[in-house]
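Q: Sharing a sequence plus its predicted fold:
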Amino acid sequence: MTAISRVIGRQILDSRGNPSVEVDVTLVDGSRGRAAVPSGASTGAAEAVELRDGDPARFHGKGVSKAVAAVNGEIADAVAGLDAEDQARVDETMIALDGTKEKGRLGANALLGVSLATVKAAAVAHDQPLFRYVGGVGARLLPVPMMNIVNGGAHADNPLDFQEFMIAPVGAASFFEAVRMGSEVFHTLRRSLAAAGHSVNVGDEGGFAPTFATADQALEFVVRAIEETGYRPGTDITICLDPASSEFFRDGLYSYGGEGVDRSVDEHIAYLLDLAARYPITSIEDPMAENDITGWKKLTAAAAPALQLVGDDVFCTDADRLLDGVEGGYANAILVKVNQIGTLTETLRTVDTAHKAGYQVVISHRSGETEDTTIADLAVGLGCGQIKTGSLSRSDRTAKYNQLIRIEEELGNQARYAGS
Ligand SMILES: O=C(O)[C@@H](CO)OP(=O)(O)O
Ligand SMILES: [Mg+2]
């Protein structure tokens, strides 16, 4: 009854107005799962390939009709009749069919849509919420959200070199309270930015994108917003950064274009550690560029063990790349983005590898998102403990927070919030 009977792919639009892939998988018993695929802007070099048409006459080259055709043709034929409960078999069949290391022939966007729609259909067939189907009876940990309230880098049109300034309500009693606290700080920040004459326009992930040139400016506003809202920075709410350093590492230097300063690897490390000492920063993602492994090792050795160092571009959600980090002694956490690797089965292996190695796991959206909320369920199902899914505005971001509010409600007194 859980055999796959029908697979339909279609082109939809993402939050940046670019085409993306959506897939419906229907089982013999009529259960249906639907998944939409996100898309990054500051992508890692080792990410699985997102197949785009490249026809400048249509969607400025960003169409995904080839990936959709792959879903409706080759992939639909190959997975028809497979048991949706056997996720690994479905995913391995698609990986073998694609035949390339980076999933570039059929497109990781095609594979991921089918992979996630399959698990969602299987959950429906079991009459279970997705988080429960994925995580079983033990799934009850609600993640601490990293809420991105100031945007820069590749996600905004301002001079800020760092891509993301996030708040994490670690002192909340529940996920619901965490969202309330984050939302309050977000609105305080809007008021104080406006009062200081700054723009309150937002970037790709819904955080404000004022024309700040330095991280200090952003951090001062964020700390003040936390305080003015009535919370204690560092105790109730901490700050997390994603400088997305691969974006401004050139010729061995960290080139801060907005600030107009070049920093050597050592100077960049010293700068980051100084920021972490002066502000209540508990986590830095991609502090070093993906190809600056020496820098990654130096920073990991120099930083206090309590400072979370999250590998995004450097690991690309790939278990083998993560193992390089574990063995090489760099980073102590991994960002998990399902479309960086392209199937659920591979994502599960990466999360498992991280947990075994004692690395923290932060499940994450992409800067181009849709209304799909799969990562909210995966966060709880896989016991990730942390989720990064943007600001407290824009439906593509709040959809994930709202789904986690529903999951917490469903778990009732079984729910446990991963805060401090
Ligand atoms: O760098 C990141 O962590 C992500 C998500 O915030 O951005 P993008 O999807 O553009 O890679
Ligand atoms: Mg990142």
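A: All right, it came through fine. Ligands and ions are numbered 1, 2, ... in the order given.

Q: from here on, contacts and neighbour counts on C-alpha atoms
A: OK.

Q: For the stretch 201-350 of the chain, which segments are assigned as strands?
A: Assigned strands in the stretch 201-350 of the chain, in chain order: 238-242, 249-250, 253-256, 261-263, 281-285, 308-311, 333-336 (criterion: DSSP state E, counting those that start in this stretch).

Q: Flag every buried residue along the fourth one.
A: Just to be clear, that refers to strand 261-263. Of all the residues in strand 261-263, those buried under the rule 16 or more other Cα atoms under 10 Å are Asp262, Arg263.

Q: quick one: that strand to chain centroid distance?
A: When distances are taken as Cα atoms, centre = their mean, to the nearest Å, strand 261-263 is centred 28 Å away from the chain's centroid.

Q: Check which helices and strands it sits against.
A: Using 3 or more Cα pairs under 8 Å, 6 or more residues apart in numbering; DSSP states H and E as the contact criterion, the secondary-structure elements in contact with strand 261-263 are strand 253-256.

Q: mean confidence score for the strand it packs on?
A: pLDDT averaged over strand 253-256 equals 98, rounded to a whole number.

Q: now what about that strand, what contacts it?
A: Contacts of strand 253-256 with the rest of the structure, by Cα atoms under 8 Å, 6 or more residues apart in numbering, involve Asp161, Ser245, Phe248, Phe249, Val261, Asp262, Arg263, Ser264, Val265, His268.

Q: ok so, going back, select, out of the strands of the stretch 201-350 of the chain, the one closest to Asp127.
A: strand 333-336 (26.9 Å; Cα to Cα).

Q: just checking, Thr211 touches Val200?
A: No - using Cα atoms under 8 Å, Thr211 is not in contact with Val200; the gap is 9.9 Å.

Q: one step back: take the strands of the stretch 201-350 of the chain and write them to TSV, including distance to ligand 1.
A: Compiled in TSV, those are given as follows (distance: least, Cα to the nearest ligand atom, whole Å):
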stretch	distance to ligand 1
strand 238-242	7
strand 249-250	14
strand 253-256	17
strand 261-263	21
strand 281-285	8
strand 308-311	9
strand 333-336	7
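
Q: okay if I get those strands as TSV plus distance to Asp127?
A: Supplementary listing: the strands of the stretch 201-350 of the chain in TSV, determined by distance: least, Cα to Cα, whole Å:
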stretch	distance to Asp127
strand 238-242	37
strand 249-250	48
strand 253-256	51
strand 261-263	55
strand 281-285	37
strand 308-311	35
strand 333-336	27
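
Q: Quick one: residues contacting the residue of the stretch 301-420 of the chain found nearest ligand 1.
A: For the stretch 301-420 of the chain, the nearest residue to ligand 1 under the criterion Cα to the nearest ligand atom is Arg366, separated by 3.3 Å. Contacts for Arg366 (Cα under 8 Å, 6+ apart) come out as Pro38, Ser39, Gly40, Ala41, Lys337, Thr389.

Q: circling back to that earlier point, the strands of the stretch 201-350 of the chain: which one's closest to Ser393?
A: Closest to Ser393 of the strands of the stretch 201-350 of the chain, according to Cα to Cα: strand 238-242, at 18.3 Å.

Q: Relative to the whole chain's centre, how far out is that closest one?
A: Mean C-alpha position of strand 238-242 versus that of the full chain (Cα atoms, centre = their mean) differs by 14 Å.
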